[in-house]
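In: give the three-dimensional model of this entry:
(one chain, ligands or ions: 1)
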Amino acid sequence: MGAMSERKPLIVGNWKMHTNHLETIQMVQKLSYRLDLADYERVEVVVAPPFTALRSAQVVIEQDRMRFGLGAQDVFWEEKGAYTGEVSASMLAKLAVGHVIVGHSERRQHFGETDEMVNKKTRAVLSAEMRPIVCVGETLEERESGQAEEVIVGQIKGGLARVDAESVSRLSIAYEPVWAIGTGRTALPDDAGLITEIIRETVSDMTNSEAAGSVRILYGGSVNPGNIKDFMAKKNIDGALVGGASLDPDKFAAIVRYWI
Ligand code: PGA
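Out: Residues are numbered from 1 along each chain as shown. You can find the predicted model right below:
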């Protein structure tokens, strides 16, 4: 499998349903004051505001030549048509969105997203030449009944079905145990290390070891400046998907600088 050094760490701020477009501009500016060139050289930094703020974020990032990337929190798989309320991958690509979060557990839980839908979204994002961040994770009940591994493998197999090896190498997978999201409770780094190893093995079985070696696997779930280092120390963890703490520019910048 590819050496770890080939995978540039990726830290993504998932702002969820926070920040209108004006607040987004302020957040982006505050973050850019706190990071410098050396940080971006070491880590790929992405922020994912709500759809309504993407255009404003794009403009400010381009005008001020900021170095972080723009992400979206969801997408619909059809290209265009009578799908009231939905946003297509090509619409996002036009806004210079580079990464799209797909299958976040909140979407699975509140909006009934299935692995099949996650798969359609993943393939739509890849067709539009963006990078999906495919989220997987078990619930507390599944963990306590010893099913975590099986659930994760099923979500990976379903979510990445019919995606060829070359495309797989462009995506990221976020392991986010549902019980650790927004709860202040994190997985133990050792447990996350084990699951992320299983994720990479599953991807390898589905494609090949080279593709699996280039997939970036992120940990998500109550990541903060105090715990990021322990997760990043794990061999198969290449970054983080950060919710709550990404809304605080000081905390998010400290997470980006996890090695300090
Ligand atoms: P959290 O959210 O960091 O607030 O737990 C993570 C996520 O849902 O992506």
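In: per-residue pLDDT of the residue in the chain positioned nearest to the ligand, please?
Out: Of all residues in the chain, residue 243 sits closest to the ligand, at 2.2 Å by Cβ to the nearest ligand atom. For every residue, glycine as well, the C-beta is placed using N, CA and C. For residue 243, the model assigns a pLDDT of 97.
In: leaving out chain neighbours, which residue sits closest to it?
Out: Using Cβ to Cβ, 6 or more residues apart in numbering and skipping the chain neighbours, the partner closest in space to residue 243 is residue 14 (5.1 Å).
In: so what sits opposite that neighbour in the bridge?
Out: Under DSSP bridges, the beta-bridge partners of residue 14 are residue 48.
In: and the stretch 101-250 of the chain, which residues reach the ligand?
Out: Neighbours of the ligand within the stretch 101-250 of the chain, by Cβ under 6 Å from any ligand atom: 176, 181-182, 220-223, 241-245.
In: distance check, the residue of the chain closest to the ligand against residue 77.
Out: Distance, residue 243 to residue 77, using Cβ to Cβ, to the nearest Å: 24 Å.
In: correct me, but residue 159 touches residue 104?
Out: No - look at residue 159 against residue 104 with Cβ atoms under 8 Å: they stay out of range, at 11.8 Å.
In: any of the residues of the stretch 101-250 of the chain next to the ligand buried? List them.
Out: 176, 181, 220-223, 241-245 (16 or more other Cβ atoms under 10 Å).
In: follow-up on the earlier one: a markdown table please, covering the residues of the stretch 101-250 of the chain next to the ligand and showing secondary structure and distance to residue 165.
Out: Putting these into a markdown table (DSSP: H, G, I helix; E, B strand; the rest coil; distance: Cβ to Cβ, whole Å) gives the following:
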| residue | secondary structure | distance to residue 165 |
| --- | --- | --- |
| 176 | coil | 24 |
| 181 | coil | 30 |
| 182 | coil | 34 |
| 220 | strand | 25 |
| 221 | coil | 29 |
| 222 | coil | 33 |
| 223 | coil | 29 |
| 241 | strand | 24 |
| 242 | strand | 29 |
| 243 | coil | 31 |
| 244 | helix | 35 |
| 245 | helix | 34 |
